[in-house]
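Peer 1: predicted model, plus sequence, below.
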Amino acid sequence: MNVIKRINDIIYIFEKFILCGTVIGMFIVLVLNVFARHVFNGGISWAEEVGSMLITILCFIGLSYATRTGTHITMSALVDRVPEEKKKPVILVLNILGMIGMVLIAFLAIKYELAIFRTGRCSPSLMIPLYIPYFSVPLGFILSAFQYFILLLMNFRSKENIYFIDEMDFGDADDAELEEFVEEVMEG
């Protein structure tokens, strides 16, 4: 099994675990808060704080998952209007721009994350250091950039095929060209 596929599979499992965990966590905490408000006439003091942290994690790890599955913003309207012989260069440029954009935003998010860490900001009720849930911001952008990188390599390598972001799943690849590409990347 090659390294790129293994890394991509691990990231995919991580994304699904985090996304499922945050949705379930938000459901439990927020439903308990509503229950406490109506039954005991007082909500849970930290419920909205935890819900806010979980939604932050959900959004930014979800960014990576959305990029992987092709539900993230794409430029398909632009690509559809380009003549067939010019689609490949346009796709390559869009892959590069998507990857660079994600890396730049990740860099800014890391700077923000470090500022939060240095100031020692904590959540008001639970006193959780805010750099912990906000770590998902740069992580989500870095993982999304990795997905664009994989897509860029696939499109750069393939002579005939054009891969779009929702077609880059390594898991079900019966395409001999894709498998050959992955093996070649791993060897060289």
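Peer 2: That came through, no problem.

Peer 1: now the residue most central in space within the chain, nearest residue through space, not along the chain?
Peer 2: Nearest to the geometric centre of the chain sits residue 64, at 1.1 Å (Cα atoms, centre = their mean). Once flanking residues are discounted, residue 64 sits nearest to residue 143: 3.5 Å by Cβ to Cβ, 6 or more residues apart in numbering. (Glycine included, C-beta is placed from N, CA and C.)

Peer 1: over to residue 125?
Peer 2: Per Cβ to Cβ, 6+ apart, closest to residue 125 is residue 46, 4.0 Å.

Peer 1: for this structure, name the helix or strand with the lowest mean pLDDT.
Peer 2: Within the chain, no helix or strand scores below helix 176-187, which has a mean of 58 by mean pLDDT, DSSP states H and E.

Peer 1: please enumerate residues in contact with stretch 32-52?
Peer 2: Residues from elsewhere that reach stretch 32-52 (Cβ atoms under 8 Å, 6 or more residues apart in numbering): 25, 26, 29, 30, 123, 124, 125, 126.

Peer 1: from residue 100, how far out is residue 93?
Peer 2: 10 Å (Cβ to Cβ, to the nearest Å).

Peer 1: residue 26: how many residues sit nearby?
Peer 2: When counting by other Cβ atoms under 10 Å, one arrives at 19 neighbours for residue 26.

Peer 1: so where does it fall, helix or strand?
Peer 2: helix 3-39 (DSSP states H and E).

Peer 1: what average pLDDT does that helix get?
Peer 2: The average of the pLDDT scores along helix 3-39 is 91.

Peer 1: helix or strand right after it?
Peer 2: Once helix 3-39 ends, the next helix or strand along the chain (criterion: DSSP H and E) is helix 47-69.

Peer 1: dump the following helix or strand past that following helix to PDB, restricted to CA.
Peer 2: Downstream of helix 47-69, the first helix or strand assigned by DSSP H and E is helix 76-81. Provided in PDB are the C-alpha atoms of helix 76-81 (Å, rounded to 0.1, in the frame of the first residue of the first chain):
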ATOM      1  CA  SER A  76     -16.900  24.200 -12.700                       C
ATOM      2  CA  ALA A  77     -18.800  27.000 -14.500                       C
ATOM      3  CA  LEU A  78     -15.500  28.400 -15.800                       C
ATOM      4  CA  VAL A  79     -14.200  25.000 -16.800                       C
ATOM      5  CA  ASP A  80     -17.400  24.100 -18.600                       C
ATOM      6  CA  ARG A  81     -17.100  27.200 -20.800                       C
END
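
Peer 1: helices or strands next to helix 76-81 in the packing?
Peer 2: Helix 76-81 sits against helix 84-119, with contacts defined as 3 or more Cβ pairs under 8 Å, 6 or more residues apart in numbering; DSSP states H and E.
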